[in-house]
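>>> would you be able to build a 3D model of this:
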Amino acid sequence: MPHAQFDPTARQALAVTVVDAKTRADLSWQQLADAAGLSVAFVTAALLGQHALPGSAAKAVAGLLDLDEDAVRLLQTIPTRGSVPGGIPTDPTVYRFHEMLQVYGTTLKALVHEQFGDGIISAINFRLDVRKVADPEGGERAVITLDGKYLPTRPF
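Next up, the predicted model:
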């Protein structure tokens, strides 16, 4: 039976433990995702406290990270989501995403509504991909794909 959490502190503490264990074991997020049999974006988000893992995935990851049964159980609970505390983020990487939405948020909204109508893009029926590609001008570029199902607003 699915269980939900209403206090994010347990999952936040587990995320700290997970990152420490991952570092000690010298594992990548991709290796953990491969063991779980799920996408790297979903498993990373789950291990950082933003999703529940299926039982088999929780056990596989816990085995690699040497986590106990309490951690396996906690990894399967539905978390209280939201990893960025209120206010403007201070971490430079997270801040840049905030900045991108500050600059392009209204543009994205205008284009989505023009092409789809009144509604939202689901963060539940969603896929995320992050890739590193060569920049033709030198260096590297980050290609981030946010792929969410469009859900129209329905009058009632």
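
>>> residues making contact with stretch 58-69?
Contacts with stretch 58-69, where a contact means Cβ atoms under 8 Å, 6 or more residues apart in numbering, come from 17-18, 21-22, 25, 27, 31-32, 35-37, 43, 47, 53, 71-73, 75-76. C-beta: built from backbone N, CA, C; applies to glycine.

>>> the lowest-mean-pLDDT helix or strand in the chain packs against which elements?
For the chain, the helix or strand with the lowest mean confidence is helix 92-116, at a mean of 92 (criterion: mean pLDDT, DSSP states H and E). Using 3 or more Cβ pairs under 8 Å, 6 or more residues apart in numbering; DSSP states H and E, the elements in contact with helix 92-116 are strand 119-134, strand 140-152.

>>> the first one vs helix 92-116, what angle?
By that I understand strand 119-134. 130 degrees (axes from the mean of the first three to the mean of the last three Cα atoms, to 10 degrees).

>>> return the residues in contact with the most centrally placed residue in the chain.
Nearest to the mean C-alpha position of the chain, by Cα atoms, centre = their mean, lies Ala45 at 3.3 Å. The contact partners of Ala45, by Cβ under 8 Å, 6+ apart, come to His51, Leu128.
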